[in-house]
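>>> what follows is a predicted protein model with its sequence.
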Amino acid sequence: MAEPLKFFFDERLVRRIAASIQAAWPAFPARAFITEAKAGLDDKELKERGRHIAAALGRALPADFERAVDILLRSLEAPAAREGGAMASFFYLPHVTFVAERGLDHFEASMRAQHALTQRFTAEFSIRPFLLRDPDRTLARLRAWATDPNVHVRRLVSEGTRPRLPWAERLPAFIADPTPVLELLELLKDDPELYVRKSVANNLNDITKDHPDRVVALCHRWSEGAGAGRTWIVRHALRWLVKRGHSGALALFGASAAPEVVIERASVTPARVALGKEVRYGCEIVSRAGAPQRLVVDAVVHYAGASGKTRPKVFKLRTLDLSPSARERIEGGISLVDLTTRRHYPGEHRIELRINGVDLPLGRFDVTKDPDGKRIHRAGNRGKMRP
């Protein structure tokens, strides 16, 4: 099992921060900072550890915020090549937290700090207080950064404005009216870097939760004359709507919201399985239409929960074209090994195929405790079903 990320923020990290700042500013009170920053650290969770160290930084650095930012920026290492942020980049979580909590009254200094820090970690969390406090100036700065030569700065423009960014404070104004965000995404829709395009797709996927028809209309416009990069954004931006059978989203993929199919030869084996094992399922999708159909096929697993209530999870399977009277075999597996992001429980589970938004039952299986009473656990955050 992988060690929780919070343990990265320990006394060793505190000492590294102290050394880096003292190298930039010899007057830094390293001993007092280390004593304060490490006190009580072990009792805190991830974000609280970042805040705790940032608070100690705030008391050790000069009270003049702009002078403190100058010192912090001189202490930074050169940006390292990264894709999505290696764990080592979390070294700068206290730095961005310091800017978010101390810099609201110092706009230019804070923007300069976040421009530098996002190239080493990410400022997607620290930019949000500025969007809430001073949206006009912050949006104007993000518009300028949308053409920045650095990929991490451009990615911040999208990631930092996601209305429902995980782990972050929501942006109620953008949930109510995403117009300012969509204007920024227009500037990034043909970005040459997949890292940025992924963020654009995730931002749009957030917005579909509140404005599905508006995002579908935008994706329809973006699809006209689109290259491979923009086509990829559209496909991933609409994934939540496609899984839920939104007719407009399905239509963009050439799929009908009323598929003419039946399920035959369905099987779920074994019918009774222990925690930590695997269930296999299979069936044939048979066309009953007089014309070819494009089918978006997902699997829906209704997992038993700790309280006995089921909780559905949708897994992407395939998009296929089915001719009249044709049949297509679908097979897959469901692992019942615990992940860091999903814990499995005994009880009845159901499996369905979701075809163009229509759920068709495949079968059921019962999960029991494993014979020796031990759980099998695997680190990771991927919940994909195996074919």
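Nice, thanks for sending it over. Numbering: from 1, shown residues only.
>>> can you map out the helices along the stretch 251-387 of the chain?
Using DSSP state H, counting those that start in this stretch, the stretch 251-387 of the chain contains no helices.
>>> hey, where'd the strands end up in it?
Under the criterion DSSP state E, counting those that start in this stretch, strands of the stretch 251-387 of the chain are mapped to 261-269, 272-274, 278-287, 293-304, 310-322, 327-335, 338-339, 347-355, 358-368, 377-378.
>>> give me the residues contacting stretch 161-175.
47, 124-125, 128-129, 131-132, 135, 142, 159, 178, 180-181, 184, 199, 202-203, 206-207, 209-210 (CB atoms under 8 Å, 6 or more residues apart in numbering). Heads up, the C-betas are built off the backbone N, CA and C, glycines and all.
>>> just the buried members of those residues?
124-125, 128-129, 131-132, 142, 159, 178, 180-181, 184, 199, 202-203, 206-207 (16 or more other CB atoms under 10 Å).
>>> adding mean pLDDT, write the strands of the stretch 251-387 of the chain out as TSV.
Below are those laid out as TSV (pLDDT from 0 to 100):
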stretch	mean pLDDT
strand 261-269	96
strand 272-274	95
strand 278-287	96
strand 293-304	94
strand 310-322	91
strand 327-335	95
strand 338-339	86
strand 347-355	95
strand 358-368	94
strand 377-378	48
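>>> so which of these gets nearest Ala249?
Comparing the strands of the stretch 251-387 of the chain against Ala249 with CB to CB, the closest turns out to be strand 293-304 (9.2 Å).
>>> relative to strand 358-368, how tilted is that closest one?
30 degrees (axes from the mean of the first three to the mean of the last three CA atoms, to 10 degrees).
>>> next one: stretch 116-130 to chain centre, how far?
Relative to its parent chain, stretch 116-130 has a centroid offset of 16 Å by CA atoms, centre = their mean, to the nearest Å.
>>> now do the end-to-end distance for it.
16 Å (CA to CA, to the nearest Å).
>>> low-confidence stretches in the stretch 101-250 of the chain?
Scanning the stretch 101-250 of the chain for pLDDT under 70 picks out nothing.
>>> for it, which segments count as helices?
With DSSP H, counting those that start in this stretch as the criterion, the stretch 101-250 of the chain has helices spanning 107-117, 128-133, 135-145, 151-159, 172-176, 179-188, 194-208, 212-223, 228-237, 239-243, 247-252.
>>> most packed of those?
Ranked by mean neighbour count under mean count of other CB atoms under 10 Å, those are led by helix 151-159, which reaches a mean of 24.
>>> only C-alpha atoms, please: export that one in CSV.
Written as CSV, here are the backbone C-alpha positions of helix 151-159 (Å, rounded to 0.1, in the frame of the first residue of the first chain):
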residue,chain,number,x,y,z
VAL,A,151,2.6,25.2,-20.7
HIS,A,152,2.1,25.2,-16.9
VAL,A,153,1.0,28.8,-16.9
ARG,A,154,-1.5,28.2,-19.7
ARG,A,155,-2.8,25.1,-17.9
LEU,A,156,-3.4,27.3,-14.8
VAL,A,157,-5.8,29.5,-16.8
SER,A,158,-8.1,26.5,-17.3
GLU,A,159,-7.5,24.4,-14.1
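>>> can you name the residues in contact with that helix?
79, 114-115, 118-119, 122-124, 127, 142-143, 145-148, 165, 184-185, 187-188, 191, 193, 195-196, 199-200, 202-203.
>>> and that helix, how far out from the chain middle?
Distance, centroid of helix 151-159 to centroid of chain: 14 Å (CA atoms, centre = their mean).
>>> ditto for stretch 115-122
For stretch 115-122, the distance to the chain centre is 18 Å (CA atoms, centre = their mean).
>>> sorry, back to before: now render the strands of the stretch 251-387 of the chain as a markdown table, adding distance to Ala37 and mean neighbour count.
Output for the strands of the stretch 251-387 of the chain, formatted as a markdown table (distance: least, CB to CB, whole Å; neighbours: other CB atoms under 10 Å):
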| stretch | distance to Ala37 | mean neighbour count |
| --- | --- | --- |
| strand 261-269 | 53 | 14 |
| strand 272-274 | 46 | 15 |
| strand 278-287 | 45 | 18 |
| strand 293-304 | 41 | 20 |
| strand 310-322 | 39 | 15 |
| strand 327-335 | 41 | 16 |
| strand 338-339 | 32 | 16 |
| strand 347-355 | 45 | 20 |
| strand 358-368 | 45 | 16 |
| strand 377-378 | 32 | 13 |
